[in-house]
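Student: Got a predicted model here, sequence first, then my questions.
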Number of protein chains: 2
Amino acid sequence: MEARGAPTEVLLQRPWLPVSVSGCQLLAKSWFGETAYHVLLTDMHCVWEERMDSAAIQKRAQELNKRLRAPVKAFFSHLCEVAQPCLTGSDGRADSEAQISLTRQEDGGNVSMKLKSELAGLPFYWEFDCAPAPVTVVCVQLVRPLLAMSHLLQRQVKQLGGLLVRKDAEIQDYRENGATLSRERLQTDVFEEQAYKEDFMSKALPLLCSEQLHSLGFDGEFQHLYAAVTQTRKRKRQTEEEPPPPPPPPAEEPDLLASSLGASVSSEEEAAGAKTADRPAVQQSLPVTSNAAQRPSSKPKKKKVGLFR
Amino acid sequence: MEARGAPTEVLLQRPWLPVSVSGCQLLAKSWFGETAYHVLLTDMHCVWEERMDSAAIQKRAQELNKRLRAPVKAFFSHLCEVAQPCLTGSDGRADSEAQISLTRQEDGGNVSMKLKSELAGLPFYWEFDCAPAPVTVVCVQLVRPLLAMSHLLQRQVKQLGGLLVRKDAEIQDYRENGATLSRERLQTDVFEEQAYKEDFMSKALPLLCSEQLHSLGFDGEFQHLYAAVTQTRKRKRQTEEEPPPPPPPPAEEPDLLASSLGASVSSEEEAAGAKTADRPAVQQSLPVTSNAAQRPSSKPKKKKVGLFR
């Protein structure tokens, strides 16, 4: 099931980043290796993916760029450079040099993302051709994390409800002993779980659909929670052979997890880049310009450039 | 995209019910129509489905039961009768007459559920042959509901945190005015959102994996929440042409939603059968024995029974 060079775990720990191309709102996850990549896209109605190894990249590059004869290594760093901003939602910058367009087939068909950039003075074309992802991939990357997140949140709701009941008991004791408030407006209603839930749902449900349009529901704290549960899964697998830990968790785990959840995040970019100790930020995953020397820096003469023939 | 006779909306509003066959823990959703069915299975690592219409059922019935020559209508009610308990997790009863076994192929392959029962005095074989479901189905039935549930719960957590802060302000005011507790143990710590979350996550995350084994995470309140968000989706679609409602929700909706969420449920069966006004319980979806008359009640002679030749 593992793709060459794109382990599920690596992609799992990437955040889903909002991407907007040709008026289409998507979430993307991507991994770029040495001369290989793995891209996931979703609009929450379907999930698409493309896994490409060195040979496949070479073949497509030549199909799309007839005169290109360079080996993959010679142009892959350029491809990363232009594709990465598109796939991390950070292509709004003024210095973005790639033109990008997206076409999608009817329900369940492919999504194709076309890039046009300039390499060695000539146009360089690329196309991400993403097909509907296998269900197993969707389960790993979305269903199970979302299920885990829901469970965590559900337990928090329960726990906070319990805390409120205890606060009310404390308040009641003060009042029964004759205490009064100096400011009337500080008085709260007694928390009643059942009534609260009914009231909450009656107000929240009608608003649900419209609110999810923003970044398809993956931003801020939601990204943090996703990161936390996917990190858990990784650590769980690493320790699967060991006996299950006793209820009080081992001391070295909480800090990392807490820090990845703890920081209050205000913007999507911060959430996306959430840097925890063992999760490299997206930017760091690119083979940062070690091949850049292969891109000619002097202005090439037409029809006699380094990468094209 | 719609299957004949098994509209997505109908299946969407069915609960995911825990099913245990041949030592395999799964969740199932099923719909049985006149002479057609639609079954979904998942272990949260993959999702499988089978949609069968009248002709396909007829063909398979004859392949599996060489001497069967009866039309679909003649044996479909029997198939429902024996298959339903298996697919709703209620086959632990003593009067269950069907033998059932499950085989699954390697990652991403099919899941096959074989049934052997007795019809008109002869063995009747059936097989549900479920293939990995299209990604779009997984998104409708799992990804989007789970995303919506997570968002609702996340907002509840935020709201309850706010309530706790208000309780603390009230308590502080009592104390600043000299109030004391009659019982020391009633005193609570000041709620600090950030510290609470860090502490919660450090304790909850390590336990997450082991706890999800029970009914794959779909029981009790979780079922109710799933029902609530999938109902929302239905109502949303029905009113999509209308202008969006203003923030205060229309008065007629809350009651239904609240009632489907409100009841505190202790057992899976109750959760599974959660009867809201417009969601038929699983049992009610079966063509309840209108064809039962076709099953001979007298003991048939060998090789000359009604349905077999």
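Tutor: Received the coordinates, thanks.

Student: show me what contacts the residue nearest to A:Val135 when sequence neighbours are not counted?
Tutor: Leaving aside its sequence neighbours, A:Val135 sits nearest to B:Pro132 (CB to CB, 6 or more residues apart in numbering or on different chains; 4.6 Å). For the C-beta atoms, the positions are set from N, CA and C on the backbone; glycine is no exception. Neighbouring residues of B:Pro132 by CB atoms under 8 Å, 6 or more residues apart in numbering or on different chains: A:Pro134, A:Val135, A:Thr136, B:Cys46, B:Val47, B:Trp48, B:Gly108, B:Gly109, B:Asn110.

Student: now, among the residues you listed, which is nearest to A:Lys73?
Tutor: Using CB to CB, A:Pro134 is the member of these that lies nearest A:Lys73, at 29.3 Å.

Student: can you tell me how far that closest one sits from chain B?
Tutor: 6 Å (CB to the nearest CB, to the nearest Å).

Student: Can you report how many residues lie near that residue?
Tutor: Residue neighbour count, defined by other CB atoms under 10 Å in any protein chain shown, stands at 17 for A:Pro134.

Student: do you know how far it is from A:Gln231?
Tutor: Using CB to CB, to the nearest Å, A:Pro134 is found at 23 Å from A:Gln231.

Student: Output the longest strand belonging to chain A.
Tutor: strand A:122-132 (DSSP state E).

Student: Just list what the helix or strand following it packs against, helices and strands only.
Tutor: Sequence order places helix A:135-138 as the next helix or strand after strand A:122-132, per DSSP states H and E. In terms of contacts (3 or more CB pairs under 8 Å, 6 or more residues apart in numbering or on different chains; DSSP states H and E), helix A:135-138 is packed against strand A:47-52, helix B:135-138.

Student: Let's have the ones you listed in CSV, adding mean pLDDT and mean neighbour count.
Tutor: CSV is the format used below for the helices and strands packed on helix A:135-138 (pLDDT from 0 to 100; neighbours: other CB atoms under 10 Å in any protein chain shown):
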stretch, mean pLDDT, mean neighbour count
strand A:47-52, 96, 24
helix B:135-138, 95, 22
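
Student: Is the closest residue in space to A:Phe128 that isn't next to it in sequence bridged to anything, and to what?
Tutor: Spatial nearest neighbour of A:Phe128, chain neighbours left out: A:Met113 (4.2 Å); criterion: CB to CB, 6+ apart. When bridges are called by DSSP bridges, A:Met113 pairs up with A:Leu102, A:Phe128.

Student: What is the neighbour count of A:Met113?
Tutor: 27.

Student: sorry, back to before: and which of the contacts of B:Pro132 is nearest A:Ile171?
Tutor: B:Val47 (47.9 Å).

Student: State the distance from the closest residue to that closest one other than its chain neighbours to B:Glu50.
Tutor: In this structure, B:Val47 finds its nearest non-sequential neighbour in B:Ala133, 4.4 Å apart by CB to CB, 6+ apart. The spacing between B:Ala133 and B:Glu50, counted by CB to CB, is 9 Å.

Student: again with A:Lys114
Tutor: Distance from A:Lys114 to B:Glu50, by CB to CB: 37 Å.

Student: longest helix of chain A?
Tutor: When chain A is parsed with DSSP state H, its longest helix is helix A:144-176.

Student: per-residue confidence averaged over it?
Tutor: Mean per-residue pLDDT for helix A:144-176: 95.

Student: Return the set of buried residues in it.
Tutor: By neighbour count with 16 or more other CB atoms under 10 Å in any protein chain shown, helix A:144-176 contains the buried residues A:144-157, A:159-161, A:163-164, A:166-171, A:173-174.

Student: Those residues: which ones sit near chain B?
Tutor: A:144, A:146-157, A:159-161, A:163-164, A:166-171, A:173-174 (CB under 8 Å from any CB of the partner chain).

Student: Not counting sequence-adjacent ones, nearest residue to A:Val229?
Tutor: That would be A:Ala148: by CB to CB, 6+ apart, it lies 4.1 Å from A:Val229.

Student: My read is that the one you found contacts B:Ala204, right?
Tutor: No. With contact defined as CB atoms under 8 Å, A:Ala148 and B:Ala204 do not form a contacting pair (9.9 Å).

Student: circling back to that earlier point, give me the mean pLDDT for the longest strand of chain A.
Tutor: pLDDT averaged over strand A:122-132 gives 95.

Student: which parts of it are buried?
Tutor: Buried residues in strand A:122-132 (16+ other CB under 10 Å): A:Phe124, A:Tyr125, A:Trp126, A:Glu127, A:Phe128, A:Cys130, A:Ala131, A:Pro132.

Student: partner residues bridging the first one?
Tutor: For A:Phe124, the beta-bridge partners are A:Ser117 (DSSP bridges).

Student: ok, it to A:Asn110 distance?
Tutor: From A:Phe124 across to A:Asn110, the span is 22 Å (CB to CB).

Student: same deal with A:Asn65?
Tutor: From A:Asn65 across to A:Asn110, the span is 21 Å (CB to CB).

Student: Report whether stretch A:17-27 contacts chain B.
Tutor: No. Stretch A:17-27 lies out of reach of chain B by CB under 8 Å from any CB, never closer than 10.7 Å.

Student: For B:Ser182, state which of the buried residues of strand A:122-132 is nearest.
Tutor: A:Pro132 (64.7 Å).

Student: Specify the beta-bridge partners of the closest one.
Tutor: Counting by DSSP bridges, the residues bridging with A:Pro132 are A:Trp48.

Student: How about the backbone phi and psi for A:Gly178?
Tutor: phi 90, psi 0 (degrees, to the nearest 10).

Student: Quick check: chain neighbours aside, which residue is closest to it?
Tutor: Per CB to CB, 6+ apart, closest to A:Gly178 is B:Ala179, 7.9 Å.

Student: Also A:Val10?
Tutor: Per CB to CB, 6+ apart, closest to A:Val10 is A:Trp31, 5.7 Å.

Student: Around the one you found, how many other residues sit close by?
Tutor: Residues near A:Trp31, counting by other CB under 10 Å, number 22.

Student: does A:Lys66 sit in a helix, a strand or a coil?
Tutor: With DSSP: H, G, I helix; E, B strand; the rest coil as the basis, A:Lys66 sits in coil.

Student: For it, grab the count of nearby residues.
Tutor: By the criterion of other CB under 10 Å, A:Lys66 has 10 neighbours.

Student: ok, now how distant is it from A:Gln58?
Tutor: 14 Å.

Student: Look up the closest residue to the residue in the stretch 1-150 of chain A that chain B sits nearest to, ignoring the ones flanking it.
Tutor: Closest residue of the stretch 1-150 of chain A to chain B, CB to the nearest CB: A:Leu146 (3.8 Å). Of all residues not flanking A:Leu146 in the chain, B:Leu146 sits nearest, at 3.8 Å (CB to CB, 6+ apart).

Student: ok, that neighbour - contacts?
Tutor: With contact taken as CB under 8 Å, 6+ apart, B:Leu146 is in contact with A:Leu142, A:Val143, A:Leu146, A:Leu147, A:Met149, A:Ser150.

Student: at 7 Å what do you get?
Tutor: Residues near B:Leu146 by CB atoms under 7 Å, 6 or more residues apart in numbering or on different chains: A:Val143, A:Leu146, A:Leu147, A:Ser150.

Student: Distance check, the closest residue to A:Leu27 other than its chain neighbours against A:Pro145.
Tutor: With sequence-adjacent residues excluded and distances taken as CB to CB, 6+ apart, A:Leu27 is closest to A:Trp16, at 4.1 Å. Going from A:Trp16 to A:Pro145 by CB to CB gives 9 Å.

Student: between A:Asn65 and A:Asn110, which one's more packed in?
Tutor: Neighbour count, other CB under 10 Å: between A:Asn65 and A:Asn110, A:Asn65 has more, with 19 against 15.
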